[in-house]
Structure formats: structure tokens, C-alpha cells
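Visitor: based on what follows, work out the 3D shape:
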Amino acid sequence: MQFFNTMLTFNQLKLPFRRSLPFGLSLMVLFSACDLFPDPQLREVRIRAKSSNLGDGAFSPNPVHVPVGGRVRWQNDDVLEHDMVAEAKNGPCVFQSGPIGFGKSFSNSFFKKAICDYYCALHGRTMRGRIIVE
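Guide: Numbering: from 1, shown residues only. Next up is the predicted model:
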């Protein structure tokens, strides 16, 4: 019982940062939600609406250029699910996303110079894209 009588509440602490702590935490949350420092090696590829009928125009941009060590993020703007499957079966271009729903994304990093071709397996090989890692 003695322990509970001697506990201090946060407001009773005599610390210089006591009043600024909630403000600082608010700023941390705000800045973590903002993209103030975008990744210079990230390249965005949009899966366009009604893309299953667009062939090579389904992905924008196509081809996409990414630096070695860079990352490509595919964002699905179509109401249908899509996936990204690399043509390569081995080497630096191997990746597979699994189904990506509307508004969802998938990212993959590329660590060697290469030309990587991919397609949407859910809609046949007519939806094709290319990544040039330079």
C-alpha cells in the first residue's frame, strides 16, 4: 500500500520537457505520415484503370528506368486484381507479387544492371512491362 501512495503522476513530474512532450510527439506523428523526404531511388509504376485491355499500355511508365539498388513500386489503379510476374526464372530479375487489389501496391528492389521483363499472370501475357536497371 505504501508504494501506491508514493507514485507520481505525469503532471506531478518536475521535468523541463513535461509540457513540450505532447507537442513533440504530435510533430513526430505528423512528419511520419508525410512524405517529406521521398526515396530518390523509388520509381512508381501505375497499373492503369481497365488495364487488362491495354496490352503494353497497362503499366505507366513503360519501360521504367531504375538505378542499381533502386526500388519499383506498382500501384493498382484498376478495380480488378493484377499481379506482376518476372519473365526470368533466375538471376537479378526474378520476382512475383501475388494478387494486388485496387488501391494496393507491391514493391521490389533491383541490385544488378539488367533488363527485366514482366507480365500480369492473372490476365495473360498481354499485359507486359519492362524495367531497365542502370
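Visitor: could you find the closest non-adjacent residue to residue 125?
Guide: Leaving aside its chain neighbours, residue 125 sits nearest to residue 119 (4.6 Å; criterion: C-beta to C-beta, 6 or more residues apart in numbering). Bear in mind the C-beta positions are built from the backbone N, C-alpha and C, glycine included.
Visitor: got the contact list for the one you found?
Guide: 84-85, 87, 125-129 (C-beta atoms under 8 Å, 6 or more residues apart in numbering).
Visitor: out of the residues you listed, which is nearest to residue 96?
Guide: residue 85 (5.0 Å; C-beta to C-beta).
Visitor: thought the closest one was touching residue 99?
Guide: No - contact between residue 85 and residue 99 fails when scored by C-beta atoms under 8 Å: they sit 11.2 Å apart.
Visitor: who has more neighbours out of these two?
Guide: Using other C-beta atoms under 10 Å, the more surrounded residue of residue 85 and residue 99 is residue 85, with 16 against 13.
Visitor: do you know the pLDDT at the nearest residue to that one once chain neighbours are set aside?
Guide: Leaving aside its chain neighbours, residue 85 sits nearest to residue 121 (4.5 Å; criterion: C-beta to C-beta, 6+ apart). At residue 121, the model reports a pLDDT of 94.
Visitor: residue 124 too?
Guide: At residue 124, pLDDT is 80.
Visitor: quick check, it in a helix?
Guide: Yes - using DSSP: H, G, I helix; E, B strand; the rest coil, the assignment for residue 124 is a helix.
Visitor: how close does it sit to residue 49?
Guide: Noted for residue 124: a distance of 18 Å to residue 49, by C-beta to C-beta, to the nearest Å.
Visitor: nothing else from me, thank you.
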